[in-house]
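Participant: How does the following fold in three dimensions:
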Amino acid sequence: MLYFVVCGGCLLNKIYNYEFQNGILKILTLPIFLLWSCTELARVALGYIGNIKERVPMISAFLLLTMFPQVVAVFFFAILQDPVFPFDRAAGSIMIFYLVIELFVGRFTLKTLIQRQTAQFFRLCQEEEIRRMRRIEAVLRGGAPT
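Facilitator: Numbering: from 1, shown residues only. Take a look at the predicted model:
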């Protein structure tokens, strides 16, 4: 949230008070910021809900949104935009560092969650197979199936 407020303020300051040397960067800066802002809200919500409810699709979406467009947009703000303020480089580097950590932790969480759900699925399949075998045994012995 703090990054959003300060980066947004710096961006507005750049648009109104500075002259861009590259016209394409002037055109791209605001849409990239808006894309980053909207995606950040969705990304954080997907990561939180996916982690709490242990949902593989939500954590997968969180990881995809972290890789693109988040890392790309923050890299753009930290290095490629024109002009680059000292805050942009410092805060952008910190944000990229945290995004990379989120990617590694999210990948580990996703892998662990998939393994746990796969094991749970196989356990349920085995329990169903055991129930089916007991019914067959009961029928073969002449008893009523349970």
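Participant: going forward, measure contacts and count neighbours with C-alpha atoms only.
Facilitator: Noted.
Participant: Can you give me the distance of the residue nearest in space to the middle of the chain to residue 32?
Facilitator: In the chain, the centroid-proximal residue (CA atoms, centre = their mean) is residue 62; its distance is 1.9 Å. Counting by CA to CA, to the nearest Å, the gap between residue 62 and residue 32 amounts to 19 Å.
Participant: still on that earlier bit, averaged pLDDT, the strand or helix carrying the residue nearest to the centre of the chain. What do you get?
Facilitator: Element membership for residue 62 (DSSP states H and E) is helix 56-65. Helix 56-65 shows a mean pLDDT of 95 in the predicted model.
Participant: With stretch 104-112 instead?
Facilitator: Averaged across stretch 104-112, the pLDDT comes to 95.
Participant: With stretch 117-134 instead?
Facilitator: 94.
Participant: What's the local residue count around residue 93?
Facilitator: 17 (other CA atoms under 10 Å).
Participant: correction: residue 70
Facilitator: Should you count by other CA under 10 Å, residue 70 turns out to have 23 residues around it.
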